[in-house]
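Q: Okay, predicted coordinates and the sequence, questions at the end:
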Amino acid sequence: MNTPLLILTLTLHLISGDCRAPNFGSPGNTLNVSCHYAAKYANMQKHFCKVMEDGQCSMRVSSRENISDTTQNHSRFSLTDYPQQMNFTVRLSHLRAEDTGVYLCGAQNPEPPFNRVLVGDETHIIVNPVIGHKGDEAKLRCPYEVGHQTYLKYLSRGECASTGYVLIKTELRRQARASQGRFSLQDEREGRVFSVTISNLTAEDSGKYCCGIETLDNDVLIELLLTVALASTSPSHTSGPYTSRPSLHSLPAITAEYLAGSAVVMSVLRVVVMLLFALGVAVFFRCRRTQPPQVLRVTQVPEDSSQNHADPIYQELD
């Protein structure tokens, strides 16, 4: 039985608004991000952190040490400082969908007091495409700027340049969640990322989407291309009522165990047969020794004149 897979490719790009263009990367690939700073921060330690749902900035890497990613047992983030050029570069490898978000570049005094300061502009990273399975769900993440926390968010179907059909939208400024059919919106205001989850994915979900934030001036829009491609798992070799036989590579362990057991059984049966044969022979000869043989003799009766042909009489003699 073929299991269709749904591959969703989301290509995002900034359409309008005062936001800086985000940095895009593909899952599993590498992305380089540059952070510029003033000359007075040249001798300070540098770091790169991600703004989390609770508003705290979680350290990803610093010039002092690389923070290891325990789920992969190696560091996916590395930092290289170029003091003469007054910038440092962060390299993100093996990108994942959850790497999408808002990041901050910072500096810290190498000696007490260990004051941390932000340097340069904040960085928005978006990882695409997002891959999902038919019948499952996919999450579309959209980071945004400081000050847009209470603005209305929405997701529409179609190009951002045209008026598309709004699939889901927050109706009140204080509203952080919304739900409409298969679509649900969650605004993580502390982390400054709002996401739309599409459940029960189908092939018809393919097309362009527009992720938007209503501002006092022009809306901040990000266009998303949702590409649905059907793929198949490994083909089945069954046909009709017949089933495929197991591969020979899966048999050695079972065969060895089976043969070992069969050898033991055959040895036991061989011994039992030999014992039964020997017992039968012994009983046969014992019976012949204990029972005397019976002898049959023939006695000729004299001829009678009235009888021409007389039958012999058999007598049993001891």
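A: Looks like it came in fine.
Q: now what about stretch 165-185, what contacts it?
A: By Cβ atoms under 8 Å, 6 or more residues apart in numbering, the surrounding residues in contact with stretch 165-185 are 150-158, 186-189, 194-200, 209. For glycine as for every other residue, the C-beta is placed from the backbone atoms N, C-alpha and C.
Q: where along this protein do the helices fall?
A: In the chain, helices defined by DSSP state H lie at 252-290, listed in chain order.
Q: Tell me where it is predicted with low confidence.
A: 1-20, 65-74, 163, 229, 231-265, 283-318 (pLDDT under 70).
Q: okay, now the domains of it?
A: Annotated domains of the chain cover 27-127, 259-290 [automatic domain parsing].
Q: Single out the most deeply packed of those.
A: domain 27-127 (a mean of 16; mean count of other Cβ atoms under 10 Å).
Q: Start and end of that domain, how far apart?
A: Terminal residues of domain 27-127 are spaced 6 Å apart (Cα to Cα, to the nearest Å).
Q: again with stretch 133-147
A: Termini of stretch 133-147 sit 35 Å apart (Cα to Cα).
Q: related to what we said a few turns ago, of the contacts of stretch 165-185, which count as buried by neighbour count?
A: 151-156, 158, 186-188, 194-198, 209 (16 or more other Cβ atoms under 10 Å).
Q: Quick check: of the residues you listed, which lies closest to M86?
A: Closest to M86 out of the buried ones among the contacts of stretch 165-185 is E188 (32.7 Å), distances taken as Cβ to Cβ.
Q: check contacts around that closest one.
A: E53, A176, F194, S195.
Q: do the same with E122
A: E122 sits next to V102, Y103, L104, C105, E145, V146 when contact means Cβ under 8 Å, 6+ apart.
Q: and if we set it to 6 Å?
A: By Cβ atoms under 6 Å, 6 or more residues apart in numbering, the contact list for E122 reads V102, L104.
Q: between the contacts of E188, which is closest to N87?
A: E53 (29.1 Å).
Q: isn't the closest one right next to G191, touching?
A: Yes: counting by Cβ atoms under 6 Å, E53 does reach G191; the two are 4.6 Å apart.
Q: tell me the two of the buried ones among the contacts of stretch 165-185 that are most distant?
A: Greatest spatial distance among the buried ones among the contacts of stretch 165-185 (Cβ to Cβ): G158 and E188, at 25.5 Å.
Q: Mind checking which of the contacts of E188 are in strands?
A: F194, S195 (DSSP state E).
Q: Among the contacts of E188, pick out the one closest to I126, please.
A: S195 (11.6 Å).
Q: check contacts around the residue nearest to the closest one when sequence neighbours are not counted.
A: Counting by Cβ to Cβ, 6 or more residues apart in numbering, R141 is the residue found nearest to S195 once chain neighbours are left out, at 4.7 Å. R141 sits next to T100, V193, S195 when contact means Cβ under 6 Å, 6+ apart.
Q: can you give me the strands in the stretch 1-150 of the chain?
A: For the stretch 1-150 of the chain, applying DSSP state E, counting those that start in this stretch gives strands covering 5-16, 23-25, 31-36, 45-51, 57-62, 77-82, 87-92, 101-108, 116-118, 123-127, 130-132, 138-143.
Q: want to try a markdown table for these, with distance to M266 as columns?
A: Formatted as a markdown table, the strands of the stretch 1-150 of the chain follow (distance: least, Cβ to Cβ, whole Å):
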| stretch | distance to M266 |
| --- | --- |
| strand 5-16 | 51 |
| strand 23-25 | 65 |
| strand 31-36 | 66 |
| strand 45-51 | 68 |
| strand 57-62 | 67 |
| strand 77-82 | 65 |
| strand 87-92 | 65 |
| strand 101-108 | 69 |
| strand 116-118 | 79 |
| strand 123-127 | 63 |
| strand 130-132 | 56 |
| strand 138-143 | 60 |
